[in-house]
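In: predicted model, plus sequence, below.
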Amino acid sequence: MIGTRVRLGSGILPLRSFTTRSSALLQKEQKGFKTPEEYVKQVKQDKRKHQKFKKSLLEAEFKYEPKVLSSENVEGKVVPLNVELLQYKPLRIEPTHGDEVATLQFKGHEEDDLIRAGEFALRAAFYLGIPMSTLKSLKTQKTLYTVIKAPFAMAKSKQNFHRTTYFKEVKAYDANPELIDLWLSYINRYKLENVEYNASIVAHESLTFHEELKKLDEFKLPEAYDDIQDPIAKKVKELLGSASFKRHL
C-alpha cells in the first residue's frame with residue numbers, strides 16, 4: 001500500500017502492506033514502469049515489509065506520540081489523521097480495571113484474513129472507547145485426510161490432503177454491555193465471509209438472580225410485538241408461554 005509515514009520520537013512505524021490494487025497500477029502511480037530486475041527487487045522488499053508488519057502486529061504495542069504528521073493531499077484535501085492511521089498498527093486503549101467483558105475469536109484457513117478481521121475489530125473498539133487486548137494467536141490445527149486416488153484400477157493409490165486452521169482472539173475489558181453489543185453488531189455487519197467469528201460475552205448478575213427467575217410465573221414479549229405479523233415472533237411467543245419451556249428453565 002502506498003502511503004505516508006508518521007514520525008515518532010523513537011523512529012518510524014511499520015507501514016501496512018495489504019492492498020487490493022495490482023502491482024502494475026502501483027508502478028504506474030509511481031515513476032513509470034520498472035525493469036524486470038527492479039521489479040523483482042521491489043517484490044522482495046514488499047514481501048519483507050509484509051512479514052514485518054504481521055510479526056509486529058502480534059508483538060507489544062507501540063507508544064503513539066506523533067511529532068510530525070504528513071501533509072499529503074488527496075484532491076486538494078489533507079489526509080485526515082484517522083485515515084492515515086489505517087496504514088499502521090491499530091491503536092489500543094489500555095484496560096483500567098482488567099474486568100473482562102467479552103472475548104472474540106477468529107477461525108479461518110488464511111492467516112492474513114484473520115489478521116485483517118482482528119485489526120478491524122481493534123480499530124472499531126478504539127474509536128468506541130473499549131479497552132482491548134492485543135491480537136493473540138491460538139494453537140494452530142492441522143488435519144491430514146487420506147483418500148483413494150480413484151476407484152477400480154487406482155483404488156490402491158492413496159492421496160493426501162492437508163488442511164491448516166488458524167485461530168486468533170481479542171479480549172474486551174471494562175465496558176458496559178450496551179457498548180459491547182454495539183461493537184459486536186458493527187463487526188458482524190462488516191465481517192469477512194471466509195472468517196468464522198465466535199463471541200463470548202460475560203454477564204454480571206446479582207447473587208439472588210436464581211431467586212428472581214423463580215418468581216417469574218409468566219414470560220411474554222413486549223407490548224410492541226402484540227400486533228406484529230412476523231411468524232417467527234409468533235412462534236417465540238408460543239414457546240415462551242409453553243409449560244415445557246418453564247420446566248426446563
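Out: Yep, it's here. Residues are numbered from 1 along each chain as shown.

In: which parts of this structure are helices?
Out: In the chain, the helices defined using DSSP state H lie at 23-29, 36-57, 81-84, 111-128, 177-189, 209-214, 231-240, 243-248.

In: of the ones you listed, which is nearest A153?
Out: Set against A153 and scored by C-beta to C-beta, the helices of the chain come closest in helix 111-128, at 39.4 Å. Bear in mind the C-beta positions are built from the backbone N, C-alpha and C, glycine included.

In: which strands or helices does that closest one pack on?
Out: Using 3 or more C-beta pairs under 8 Å, 6 or more residues apart in numbering; DSSP states H and E as the contact test, the elements touching helix 111-128 are helix 36-57, strand 100-108, strand 158-173, helix 177-189.

In: which residues touch Q159?
Out: By C-beta atoms under 8 Å, 6 or more residues apart in numbering, Q159 lies in contact with 146-149.

In: what's the most buried one of the helices and strands packed on helix 111-128?
Out: With neighbours defined as mean count of other C-beta atoms under 10 Å, these peak in mean count at strand 100-108, which reaches a mean of 19.

In: ok so, going back, out of the helices of the chain, the one nearest E94 is which?
Out: helix 111-128 (11.2 Å).

In: in that closest one, which residues are buried?
Out: 111, 113-126, 128 (16 or more other C-beta atoms under 10 Å).

In: circling back: weakest of the helices and strands packed on helix 111-128 by average pLDDT?
Out: Looking at those, the lowest mean pLDDT belongs to helix 36-57 (a mean of 82).

In: could you give the angle of that one to helix 111-128?
Out: 50 degrees (axes from the mean of the first three to the mean of the last three C-alpha atoms, to 10 degrees).

In: and helix 36-57, what does it pack onto?
Out: By 3+ C-beta pairs under 8 Å, 6+ apart, helix 36-57 packs against helix 23-29, helix 111-128.
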